[in-house]
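**Student:** My questions concern the predicted model and sequence given below.
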Amino acid sequence: MAVQAVNTPPLPPTTEAQAATGFKAELKEFWYFFSQNRGAVGGLVIVALFVLVAILAPLLAPYDPTLIHEGVFTQGPAWSMGGSMKHIFGTDDVGRDVFSRLIYGARISMGVGFMVVVFSLSIGTLLGLLAGYVGGWVDTVVMRAMDILMALPSILLAIVVVTILGQNLVNAVIAVGIVVIPGFVRLVRAQVMIEKNRQYVVASGSFGAGPFRQVFVNILPNCMAPVIVQGTLGFSDGILNVAALGFLGLGAKPPTAEWGTMLSDARAFIESAPWLVTLPGLCILIVVLGFNLLGDGLRDALDPRLKK
């Protein structure tokens, strides 16, 4: 007797497959709304380009940024004749290749921005979670401390912190990170106060979820969208403030190739060799503009209230 084949229904997708499908759909939706903002796409290209330059600095830079070239030009100081075939952007007042220093400056500035964001985001998020979830006197103490920090001019506060800790690049990063922390604290606190009263948090608590699980598993993931946007804008603030400290002589020390320090070294030659000031200034301007445009695009793509 022939046995008939039984057509069994297809098995339902596994949890992993459903999660992968949902993630792809969310990523596609994010890119759709992000790509509608032409400025944000331009900012992403600028940031990606500078990140690539920072990573490939040893391969792209023709010279060591601290190497002093002697006898490059036949007359006058090395910086007085601008660029040449060997030094397309010329050399600075002591004979170091400006193009190489700009490339290595991208590595330092991008690294500084990353460290500032990691430092301020970590501390600011923890304090915001603590203040928003616990409330009471803890919330009062944390927020009054943030109000005091925000009441002081950011660059003045950074100068005070660097003066106390010492003048070097690491302390400049800490100083700027402290300046940026209040923005993360206030943002995370506001999101936590909204999320902790939602039904899914209340239901999780009724099933015995402890405070640690409530904060870090249930509430924090739903607060990450505005935190990511704030972190992108904090990148530009970190680069700009560290460059300002470097210009004031409180950041990276010579001969480190940092854009703010390059501006400080070149200000004496603003009339005789204007490119020494213009080039690092343009680099700072373009990077900060790129991060600001990228932050605006992320805000439009991640905030459901702005989606049309």
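**Tutor:** All right, it came through fine.

**Student:** remind me which residues of the chain are low pLDDT?
**Tutor:** Across the chain, the ranges flagged by pLDDT under 70 are 1-20, 22-23, 70-85, 303-308.

**Student:** Helices along that one, start to end?
**Tutor:** 15-35, 38-55, 57-60, 98-134, 136-151, 154-165, 169-195, 199-206, 211-213, 224-247, 259-266, 275-302 (DSSP state H).

**Student:** Which secondary structure elements does the last one sit against?
**Tutor:** Put plainly, it is helix 275-302. helix 15-35, helix 38-55, helix 98-134, helix 224-247, helix 259-266 (3 or more CB pairs under 8 Å, 6 or more residues apart in numbering; DSSP states H and E). Heads up, the C-betas are built off the backbone N, CA and C, glycines and all.

**Student:** which of the ones you listed is buried the deepest?
**Tutor:** helix 259-266 (a mean of 25; mean count of other CB atoms under 10 Å).

**Student:** between that one and helix 275-302, how big is the angle?
**Tutor:** 160 degrees (axes from the mean of the first three to the mean of the last three CA atoms, to 10 degrees).

**Student:** Nearest the geometric middle of the protein, what residue?
**Tutor:** residue 235 (2.4 Å; CA atoms, centre = their mean).

**Student:** For that one, give its distance to residue 290.
**Tutor:** Distance of residue 235 to residue 290, computed by CB to CB, to the nearest Å: 10 Å.

**Student:** same thing with residue 262?
**Tutor:** 19 Å.

**Student:** go on, residue 208?
**Tutor:** 47 Å.

**Student:** Pick out whichever of the two has more residues nearby.
**Tutor:** residue 290 (23 against 7; other CB atoms under 10 Å).

**Student:** got a list of what the spatially closest residue to residue 283 that is not a sequence neighbour touches?
**Tutor:** Excluding its sequence neighbours, the residue lying closest to residue 283 (CB to CB, 6 or more residues apart in numbering) is residue 259, at 5.5 Å. By CB atoms under 8 Å, 6 or more residues apart in numbering, the residues touching residue 259 are 102, 105, 108, 109, 243, 246, 280, 281, 283, 284.

**Student:** Understood, closing this out.
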